[in-house]
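In: model the structure of this input:
(2 chains)
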Amino acid sequence: MTEIATPAPVRIDSPAKRIAKQFVEDPIAVIGLILFVLIALIAIAAPWIAPQNPYDLMQLSIMDGGLPPGETSFATGQTFWLGTDQQGRDMLSGIMYGLRISLMVAVVSLTLAITIGTIVGVAAAYFGGRFDSIVMRIVDLQLSFPAILIALILLALLGRGVDKVILALVIVQWAYYARTVRSSAMVETRKDYIDAARCLGLSNRRIMFRHLLPNCVPPLIVVATVQIAQAIALEATLSFLGVGVPITEPSLGLLIANGYDYLLSGRYWVSVFPGIALVVTIIAINVVGDRLRDVLNPRLQT
Amino acid sequence: MKAFGLPLIAGVMAAGLAPAAAQNLSIGLKSEATSMDPQFHQLSTNIQVSKNIFEALTTQDALQMVTPGLAESWEAVDDTTWRFKLRQGVKFHDGSDFTARDVIYSFCRVPLVENSPSAYTIFTGGIADMAAEDDHTLTITTTATNPLLPVDLWSLAILSANALGADDQVTYGPDGTCEGMGDVPQAPAFNDPAVAVGTGPYILDRYNRGSEVVVTRFDGYWGGTPQWEQVTMRPITSDGPRVAALLAGDVDMIESPPIQDIPRIEQDGFTIVDALSNRVIYLHMLQQEDAPGIGGTDGENPLLDARVRQAISMSINREAITERIMGGYAQAAGELLPPPMFGTSERPVEAYDPERARELLAEAGYPDGFSITLGTPNDRYINDEQVAQAVAQMLAQIGISVSVDASTASQFFSRRNALEFPVYLAGWGASSGDMSSPLKSLVATYDETLGMGPTNAGRYSNPEMDELLMTAMATIDDEARDQMLQDAQTLVLDDYGIIPLHYEQTVWAMKPDLTYEPRVDQYTLAAEVKSAAE
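Out: Okay, here's the model as predicted:
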C-alpha cells in the first residue's frame, strides 16, 4: 500500500518470494529445513529403503532380540547397524517406520484440526454475537485443561490405534487454531474491504473464505509449525505411556518406551536412538517454525 | 515432607544403635499390604507380611509342603472329622497362652470380617463344627470330605482371643453363628499393635500406610530367638527405584527385580536367588461357536477344532521365549503346575514343530491360516506383553496373523471375563500347591452356582474331566487323588483345551551377607531371611 505512494520505481517481490528470501538469511533455519525435508523423505520412503519391515511379524525373530549395534542376524545374516530390540526388530528400520507413523499422525491430525479450527474461528469472528461467545467459551474451557490430560482420557475411552490417536489429537488441537484464526479474523472483519464486499452483496461464505481467510493465514502458519512439533511430541508421549499406537506397530514414542526398561541393564540403543530421532525431528521443525514466525510477523522486522 | 523425614529418622536411629545395626533388616517389596488384619484380604502382599506376626495351625515350607505349625500333629478320624494336637507352651506377643479357644475364636471371626475384598470364608465355609477336647486338643468336622483341610488351614491366621476381647467361653457355629465372641474388632483396628497380637516370630511395631511396616523381635517365640532385632518392609512399587534402592544400600533385599537388570545387580556383587514358582503362564482359547476377533474363516471358529489348537501349541518355541524374553528366568511348561508338585505327571514340553503345525492347519481346512486377536495384560506377569508379541511372531510363521491387544491388568481382566478375546495370555498360581487348583479354575466346565471354572474364559468343557476332578476333590487318599488329578490333566492337555507356555521364576536380590530360601509360592517372608554367616 505504501509502495503506491513511492515516487521511484521499486521492484516488488511476490510475498512467497519475499518470505523465502528472508528465510534463507538465517543459516540455522536452513539447516533445520534441510533436516526436516530429509526426515520427511526417509519417513515417506521407509518401505523401500528400510532393511526390514518391522511391522511384519514374519520378518522378525526373537532369536535376534537384544543385539547391540553392528551385530548380524542369526536368521538372515543382515547387519543391524543400530542393534535390535527385545523382539528382534531392527532399530534402524524401526526408527524409519516409527518416523513414518509419527509424522503421518502429526500431519493428518494437523490438517484436520486446522480445517475444523479455521472454519469455526472464521465463522465465530464473522458472525460474532452469541455464536461467537458459545464457541469461544468451549475453546476457553478446552484450553484450560492440559492437552495430555484430555488425550489420555479420550484414549482410555477409545482404546489403542492409529486412527484413535489421530482423533484424540484433532480434538485436542482444533481449539488452538480456532482461537488464532478468530483473533486475526476479528481484526480483518472491521476493515473496509469486508464492508465493501458486503455492499457488493457477496454471500457470507464467499466473503469468509475468499476474502477474510487469506488474510488470516500468516499467524496460522506460525501456530501450525509450533503445533506440528507439539503433535509429534504428544503422540510420542501417549505411545510412551502405552495408550497410543498398537504394540506391534511402534511409533518413536513406543520404541522409546520399549527400551526404557533396558536402560539400567546397559542396552541403551533400544531407547536412545529413537529418542535422538525424535529430538532431531522436533528441533528441526521448531527451528523452521521460529524462523517463519520472525519472517511472517511484521512487528519483529526492523 | 513426610517422605523426606522418615528415612532421616531411620538413619538417625541406625546410627544411634551402631553395634546393633547389623541386626536390622530392611526389605523392598513390590507392592504394599492393604491391611494388617490377617483375615481381611486374601492377597499375597498381605499374607507375606502377616506371616511374620501371625501363625496358623499348619505351615507350608518353601516347596509348599504342609508341615506342622501351631498344631503339632493331626489325623483324619473319619472322612469328615479331623483331630489336631496343639503345640504346648506357645505364647502370644502379649504373654498369654495359646489354647484351643484362640483357634475357635479365630475361625469364628472370619465370617464376621466386614467389606473383605477377597474373603477367607472360602476356607471356613466347609467347617461344620469345632470342639475343644481340652486346651490343646481340637476336633474339626467338615461338611463334606475335604482332603485339603491341612492345606487350607495354613491360610487361617490364629489371633489372640484375649487381645480381641472374646468371652471366656467361645462356642463354634458355622457361618458367623458363634457365641461368646464379644465385640469383634474390624480390620482398621489391627493398625494398633495392641490388637495385632499373634504368636509369630515378630511383633508389629508400626504400620505406616504408603511408607513402611516395621516389626521387632519377639523374644518369647516358641521356635527359638528370631534372627533380626527389627525388620522394615518398604513398598517400592516401581521396578527402577526398587533396584536403585538395593544398589544404593537403602534396603538389604528386594523382591522381583526386573529380569533385564539381574546381570547388572549380580555384577555389583549382590546375591540373586530364584525359584520356580507355582505360576504357569498359559494361552487360553475361546471354544464356543460365537467368538469375536477372528477373521478369514467365514464366521467359523477354528479354535473348536483340536487340530488347530494343537497347531498353535506346536508353533510356539517355548525355549526361545524362556531364553530370549525371560532371560533364562522361566522354565518351559508342559503342564499346568511345575513337577514334582502334587498331581503333576512329568508330561514333556510340547516340541517346537512349525512344519507339523502348518500341516495340521491345512488338515483342519485352514491352509492359508486366519487372523486372530491375542489379548494380554501389560503389567501383570513378568514381561507379559513381550511374551505375547513373541507368540504373535511365532504364529505368524505358520500363517496365523495375530494382532496383540495389550491393556493394563484391570482392563484386561474385565474384558477377558466378558469373553472379548478369542485367545488370551494369562497366568495362574496354584495357592494350594496342587493340581486341583488350576484344573478347577481354568478348565472345569464354567458353572457359577457350583463355583467351577471361574477363570475358564475359554469356556473349555469336558464332562469326563469334570467328573474325574470332582471325584478327586472328594478323595482323602493322597495316592489315589494324585493319580486322578494326573489323569484329569492329561485329558485336558491331550485335547489342547489350554496351552501351557512357561512357569515363572521368582527372583530375589540381596546383599551378599544374606541368604533366602526361595519360595514356590512367591512370598517374601522376612522371618525366613537369614544371615549368610550362619
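In: state the next helix or strand along the chain beyond the strand or helix carrying residue B:131.
Out: Per DSSP states H and E, residue B:131 falls inside strand B:127-134. For strand B:127-134, the following helix or strand on the C-terminal side (DSSP H and E) is strand B:137-142.
In: ok, the residue in the stretch 201-302 of chain A positioned nearest to chain B - contacts?
Out: Residue nearest to chain B within the stretch 201-302 of chain A: residue A:265 (4.4 Å; CB to the nearest CB). C-beta: built from backbone N, CA, C; applies to glycine. Contacts here follow CB atoms under 8 Å, 6 or more residues apart in numbering or on different chains; on that basis residue A:265 touches B:260, B:261, B:263, B:264.
In: could these go into JSON lines alongside distance to residue B:64?
Out: Listed next are the contacts of residue A:265 as JSON lines, based on distance: CB to CB, whole Å:
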{"residue": "B:260", "distance to residue B:64": "28"}
{"residue": "B:261", "distance to residue B:64": "28"}
{"residue": "B:263", "distance to residue B:64": "29"}
{"residue": "B:264", "distance to residue B:64": "31"}
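In: mind pulling the model confidence for residue 302?
Out: The chain I'm using is chain A. Note on residue A:302: pLDDT of 48.
In: not quite, go with chain B.
Out: pLDDT, residue B:302: 95.
In: that one contacts residue B:311, doesn't it?
Out: No: Residue B:302 lies out of contact with residue B:311 (CB atoms under 8 Å); the separation is 9.4 Å.
In: who's in contact with residue 223?
Out: Just so you know, I chose chain A. A:176, A:177, A:180.
In: sorry, I should have been clearer: chain B.
Out: By CB under 8 Å, 6+ apart, the contact list for residue B:223 reads residue B:201.
In: and the stretch 201-302 of chain A, which residues reach chain B?
Out: Applying CB under 8 Å from any CB of the partner chain, one finds that the stretch 201-302 of chain A approaches chain B through A:242, A:246, A:247, A:248, A:261, A:262, A:264, A:265, A:266, A:267.
In: let's go with 7 Å and repeat that
Out: A:242, A:246, A:247, A:248, A:261, A:262, A:264, A:265, A:266 (CB under 7 Å from any CB of the partner chain).
In: quick check, nearest of those to residue B:84?
Out: Set against residue B:84, the nearest of these by CB to CB is residue A:261 (48.2 Å).
In: and that closest one, what is it in contact with?
Out: Going by CB atoms under 7 Å, 6 or more residues apart in numbering or on different chains, residue A:261 touches B:258, B:260.
In: contacts for stretch B:103-116 next, please.
Out: Contacts of stretch B:103-116 (CB under 7 Å, 6+ apart): B:39-41, B:57, B:119-121, B:124, B:127, B:130, B:132, B:138, B:156-159, B:161, B:166, B:170, B:172, B:175-176, B:178, B:181, B:184, B:186-187.
In: that should have said stretch B:150-159, apologies.
Out: B:38-39, B:50, B:54-60, B:66, B:70, B:74, B:102-103, B:105-107, B:109-110, B:120, B:123-124, B:198-199, B:432-433.
In: from the chain's centroid, how far away is it?
Out: 15 Å (CA atoms, centre = their mean, to the nearest Å).
In: same check, this time on stretch B:87-101
Out: The answer for stretch B:87-101 is 29 Å, by CA atoms, centre = their mean.
In: quick revisit: which of the contacts of residue A:223 ranks first by neighbour count?
Out: Among the contacts of residue A:223, residue A:177 has the most neighbours (other CB atoms under 10 Å in any protein chain shown), with 25 neighbours.
In: element containing the closest residue to residue B:496 other than its chain neighbours, please.
Out: Counting by CB to CB, 6 or more residues apart in numbering or on different chains, residue B:496 lies nearest to residue B:309, which is 3.6 Å off, once chain neighbours are set aside. According to DSSP H and E, residue B:309 maps onto helix B:306-315.
In: any regions of the chain where pLDDT drops low?
Out: Using chain A here. For chain A, applying pLDDT under 70 flags the ranges A:1-13, A:298-302.
In: you looked at the wrong chain, it should be chain B
Out: Using pLDDT under 70, chain B drops low at B:1-22, B:533-534.
In: grab the most central residue of it for me.
Out: Centroid-nearest residue in chain B: residue B:431, 4.5 Å away (criterion: CA atoms, centre = their mean).
In: residue contacts, that one?
Out: Each residue near residue B:431 by CB under 7 Å, 6+ apart is listed here: residue B:437.
In: for it, what are phi and psi?
Out: phi -60, psi -30 (degrees, to the nearest 10).
In: thought residue B:527 was touching residue B:52?
Out: Yes: applying CB atoms under 7 Å, one finds residue B:527 in contact with residue B:52, separated by 5.0 Å.
In: looking at the stretch 301-450 of chain B, which residue is nearest chain A?
Out: residue B:396 (3.8 Å).
In: so how far is residue B:78 from that residue?
Out: 58 Å (CB to CB, to the nearest Å).
In: higher neighbour count, these two?
Out: Higher neighbour count among residue B:396 and residue B:78: residue B:396, with 19 against 9, using other CB under 10 Å.
In: let's verify that one: helix, strand, or coil?
Out: helix (DSSP: H, G, I helix; E, B strand; the rest coil).
In: what do you get for the one 3 residues further on?
Out: On the three-state scheme (three-state DSSP), residue B:399 is labelled coil.
In: what does the nearest residue to it once chain neighbours are set aside show for phi and psi?
Out: Once flanking residues are discounted, residue B:399 sits nearest to residue B:369: 2.9 Å by CB to CB, 6+ apart. Here is the backbone geometry of residue B:369 (degrees, to the nearest 10): phi 70, psi -160.
In: get me the contact residues on the stretch 51-200 of chain A for chain B.
Out: Counting by CB under 7 Å from any CB, the residues of the stretch 51-200 of chain A close to chain B are A:57, A:58, A:60, A:62, A:63, A:65, A:86, A:87.
In: what number of residues lie near whichever residue of the stretch 151-300 of chain B sits closest to chain A?
Out: Closest approach of the stretch 151-300 of chain B to chain A (CB to the nearest CB) occurs at residue B:260, with a separation of 4.4 Å. Using other CB under 10 Å, residue B:260 has 19 neighbouring residues.
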